Structure formats: structure tokens, C-alpha cells
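# 3D model of this:
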Amino acid sequence: MQKVVIVGGVAGGASAAARIRRLDEKAQITVFERSGYISYANCGLPYYVGGIITDREELTLQTPASFKRRFEIDMRVHHEVTAIHPEKKTVTVHNLDTDEVFEETYDKLVLSPGARPARPPFPGVDSEKIFTLRTVEDTLNIRKYIEDNKPGSAVLVGGGFIGLELAENMKEAGISVTVVEMQKQLMNQLDADMASFVHAKLRSKGIELLLGNSVEGFEETEKGLKVSLKGGAILETEMVVLAIGVTPDTALAKEAGLELGIRGSIAVNDKMETSVPDIYAVGDAVQIKNFVTGEDTLIPLAGPANKQGRIAADNICGLDSHYKGAQGSSVIKLFDMTVASTGIKEEAAKKAGISYERVYLSPANHAGYYPGGKVLNMKMLFEKGTWKILGAQIVGSDGADKRIDVIATAMRAGMTGPDLAELDLAYAPPYSSAKDPVNMAGFMIENIATGKLKQFHYNEIESLPQDGSVTLLDVRTKGEFDDGHVGGFLHIPVDELRKHLDELPKDKPLYVMCQSGLRSYIANRMLAQEGFDCYNLSGGYRLYQVVKKDRAAAEKTYPCGMDR
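Numbers count the residues shown, from 1 in each chain. Predicted coordinates for the structure are as follows:
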């Protein structure tokens, strides 16, 4: 009978414990969790703060008692492992309730310590009006503070998942919300152009965004807090939540002499084994491989953590399981908007030295003639030449999650961009179109791969020559053109284009735009067959305008005196 000790009882740790029991009925399994809860839903914590989840018991998927009944696993909460002794295969444990300190032996040890919220040593950061959100206890503290003090305002420092989910929930609860983010965009998993849609949505809901701003300190006042920003600007608020990222919680591993990876994470192989025999590590604290690039990375998400826990358990029980890396598939709800992504973004592709191209499309989430259709703003990255899918980002509403999952699955299966055109996907008017948005992305990449389409992008518009050496053409309707257009573009609606071909010179490159990129593509095919050297504006005027308006809005909200 082998004895397994697991440090950490949330996603990876709980998953490993349950899997070991399913494989080995005789194993002695003990889990030490320093908080008061196990197997809780981190992703659900902001929704308890906002009152969407009303029962605190719903935040926990299991309790120590239920784990004991179902799996005969000894789950000990309020027990903190303070040291690992690999040479004698023991851990030192501190019972936080009784203050008892004892040693526990193990045959196999699984580390699942997770990651802790970054809390830089800002002046005043220890104020009781400043919170972080990691555990159920953190959630209860924030909820109690709101119920007791009924704050009218809050500053959220950080623009990732937790910060934005809290922003939504606090705003819906009637609290005025300001998000301060050091980067010039929210949601770092998105490219800046796709983040522009997120910024527009949050601003439309009354959330103030201070992008490109960093916090320098806090000061308590009678009414709340003063938040000092770099450059001298001061924000006044009644509470602050720090959501500026997480750091692998690896002090135990470091002190025990385990090999560490990037950002102090725990280095593991594809069997989730550490550098020390019989010690495994899983979850947010471990360094893994990016499935797309093969590079070392950190992906602190629940899905990978659960899979890693299962793989560690398999190997502990004598099976031969291997973790093939993660591509960071994620989804978040922000009011009535869904934001989903998988794979890498442009910055990562450049860093990895990958020669890539991108396509944008904005199809409806279901058949246009069926009521209630909404636009899906989609972006796909693929490798030039091989057409390998590198990543995708979707900002929209219903159906965004479905499409990102299809693309993520295609990537895992090794499909290329043009292969997406062949996918046989379910169709009914309330759910999709006969040509699903994923198929449409495949058609676009196939057109590029076969030379039927040449593109230019929104960030190239300003640099297009205005000296007559190229022809600039806008094929939208007169109403669309009158509502807003780019200077220097000749206007000929696509449905009238054939009548005006003789007005366009064939000896100059022709750059064509429409609202979304679809009508300009039709114009491109018409023109190319008539001998024109033409290029299509990917994403159309609509994407160009969204990005342009976002940049203008960001400029207006930088506090006076800020050094950008």
C-alpha cells in the first residue's frame, strides 16, 4: 500500500486525489489545504461578490466530509505544509487551528500550491480597505465589506479575468468602478485590436478605464482611500481590489531544492515529475510547454490544472501518461459580451520567430433571417506557408464559446486553416448558418493560400501613399460612406462597380475597403479577374473605426500629467 501526500486541495490537488483513488483503492491518500475550503470554484468567486451566486455553499464542489465519504480520502483543511524533506520523504505540517506542528511521511508527494495574487509592497497596501481575491475566505471578506459599508466606488487594479469579472459584478451591484491597468489594454491574452471591442463594451456600461497607468501607493482617508498613480494623479475611492496577476507559490519547492523554471515556477517533465524522485507538481505553480510554440510557459487556468492532476495520478499508479502542453483556451462573460481565445496572439508569434498572417471576419452568430442575430468579431492567426492555425480570438455574444472550442479542437488535431472549410458542423437557423463562422474563416485562409486573395490591414491605412501611385477604393453604400470614411478613398458602391471599371487605372495597385471585408472581397474577385492588382482591407472600415475610437478614448482618460 503506497502513501500519497498532496499539498493543496483545489483544482490540481483534488483532481489528483480523486484519480488516484479511482486507480488504487488501497492507497492511503492525505491532502493538506491551508485554507478552510477544498475543491472550490475559483472562477465563480467574483459572482458571489456580485450576488449572482447567493449561496456560499455553491462555491465549493466538495467538502472534506464528502470527499471522505465518496473516496475515503483524508482532506485536512487549515493545515499548511511548511517544509519538504526529500531525503527522509516527509513533510512538516502546521495545524492552523490547534497550532500543532508534526511530520507526515510519504511514498509519493504531489505539490499543487497554486499561485498567489501579486501584492507589491506599495505604501499603504496593508489597509483593511484593500483586498485580493484568491480563496473563498477572500470572497467572503469582500462580500462582507460591501454589505457592511455599502461603498459607492471601487478601484480595481488589473485588467485580467478576475479584475474584469469583479468590475462587472460590482457595477451590477451599483458600485462606481474604475479599472487601472498598467498595460495599454485589458485582457493580455487578446491582441490590442480585439481588446478594443472589450474596452468599448465596458465604457458603454459606465466603467472608467485608466489604461497605461500604474499604481504607486495608497493612503487611507475618512471616506476611503486615495490611490496614487505614477505621474502624480490621485484617485479617491472607498475600496480597492488588487488583481494585477499571480505569482507561482513555490517557496516550499525552492527550499526543498527542487529545480525551478521561469518566474520561479516548478520545473516538471511531461509526466509532471519534478527534479526530485517521487515528487510531482501540478497546476498554476508549474512550468509547462505551450502547445503551439513548444516554448516553456505558465498558464494558470483550471482546465490545465485538472488535466495535470490526472496525469500525475496516472503515473503515481503505474500508468504511462504524458502532458502535451496547453494552448490557453479561455472564455469570459462581461455583461452581455463573451470573450474567448485559444492559442497564441501576434506578440507571441513574433517572439517565437513565426512568420504569420491574420484574417478578421464578423459573421452573425446564427442565420441572418432568424431574429436576434449578433455579430461575432473573429480573428485568426496562421503560419505562412504551412497554414498551421496559431490562435484565434472571438469577441461577441452567443456562440463565441462554441466557435473557439471548435477551433481549439482543430488545433489539437493538427488541422490547418484551410481544413476548417471542410468541417461538417451542425446547422439550424437559431444556432448557426449553413456556412458556419468557423467554415468562413477556413474559406478566407484557403483563398489566401491559393492566391485568390491579397490583404492589407487597418494599421497600414495611415501609411498608404496619397500621391496617386496607388488607387484607394471604398465600395460601401453612400449612407455608410457619408457616416464616416477615410480620406483619399474613391467611393464606388460594389453593386455599381462593374459600370465604372474603366475609371480605375490598371497600372497601379488597388486597395479596397468595405464595412466588414466581405463586399470588398467580392469587389477584389471582380477586379482581379479584370486584370487589377488588388488588396482587401481585412476586418473592413468597422474594425479600423473601433480601434481608432478606442485609442481616442484612451487618450481622453489618461489622468493629467501622466507620462505615457
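
# every contact and neighbour count from this point should use C-alpha atoms.
OK.

# helices or strands up against the longest helix along the chain?
When the chain is parsed with DSSP state H, its longest helix is helix 540-557. Applying 3 or more CA pairs under 8 Å, 6 or more residues apart in numbering; DSSP states H and E, one finds that helix 540-557 contacts helix 192-204, strand 208-211.

# what sits against Lys506?
Gly531, Phe532, Asp533 (CA atoms under 8 Å, 6 or more residues apart in numbering).

# go again with 10 Å.
Shown in contact with Lys506 (CA atoms under 10 Å, 6 or more residues apart in numbering): Val470, Thr471, Leu527, Glu530, Gly531, Phe532, Asp533, Cys534.

# just the strands in the stretch 251-400 of the chain please.
Here the stretch 251-400 of the chain has its strands, by DSSP state E, counting those that start in this stretch, at 266-267, 279-281, 286-289, 296-297, 330-334, 337-343, 356-361, 377-383, 389-396.

# any chance of those strands in CSV, with distance to Gly484, mean pLDDT and mean neighbour count too?
Shown next, in CSV, are those (distance: least, CA to CA, whole Å; pLDDT from 0 to 100; neighbours: other CA atoms under 10 Å):
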stretch, distance to Gly484, mean pLDDT, mean neighbour count
strand 266-267, 53, 98, 26
strand 279-281, 55, 98, 28
strand 286-289, 46, 97, 28
strand 296-297, 43, 96, 17
strand 330-334, 29, 95, 18
strand 337-343, 26, 97, 24
strand 356-361, 20, 98, 21
strand 377-383, 20, 98, 24
strand 389-396, 23, 98, 27
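
# nearest to Cys514, of those strands?
Between Cys514 and these, the tightest spacing by CA to CA is seen for strand 356-361, at 12.1 Å.

# who does that closest one pair up with?
Applying DSSP bridges, strand 356-361 is found paired with strand 377-383 (antiparallel).

# how about stretch 505-516 as CSV, C-alpha atoms only?
In CSV, the C-alpha atoms belonging to stretch 505-516 read as follows (Å, rounded to 0.1, in the frame of the first residue of the first chain):
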residue,chain,number,x,y,z
PRO,A,505,-6.2,52.5,-63.7
LYS,A,506,-4.9,49.0,-64.1
ASP,A,507,-1.2,50.1,-63.8
LYS,A,508,-1.5,50.9,-60.1
PRO,A,509,-2.1,48.7,-57.0
LEU,A,510,-5.7,49.0,-55.9
TYR,A,511,-6.6,48.9,-52.2
VAL,A,512,-10.3,48.2,-51.5
MET,A,513,-12.3,48.6,-48.3
CYS,A,514,-15.9,48.0,-47.2
GLN,A,515,-17.6,47.8,-43.8
SER,A,516,-16.5,44.3,-42.8
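
# okay, buried residues for it please.
Buried residues in stretch 505-516, counting neighbours by 16 or more other CA atoms under 10 Å, are found at Lys506, Leu510, Tyr511, Val512, Met513, Cys514, Gln515, Ser516.

# ditto for stretch 429-441
So stretch 429-441, judged by 16+ other CA under 10 Å, has buried residues Tyr431, Ser432, Ser433, Lys435, Asp436, Pro437, Val438, Asn439, Met440, Ala441.

# related to what we said a few turns ago, from the contacts of Lys506, pick the one nearest Thr82.
Ranked by distance to Thr82 (CA to CA), the contacts of Lys506 are led by Cys534 at 65.9 Å.

# okay but that closest one is in contact with Asn524, surely?
Yes - counting by CA atoms under 10 Å, Cys534 does reach Asn524; the two are 6.1 Å apart.
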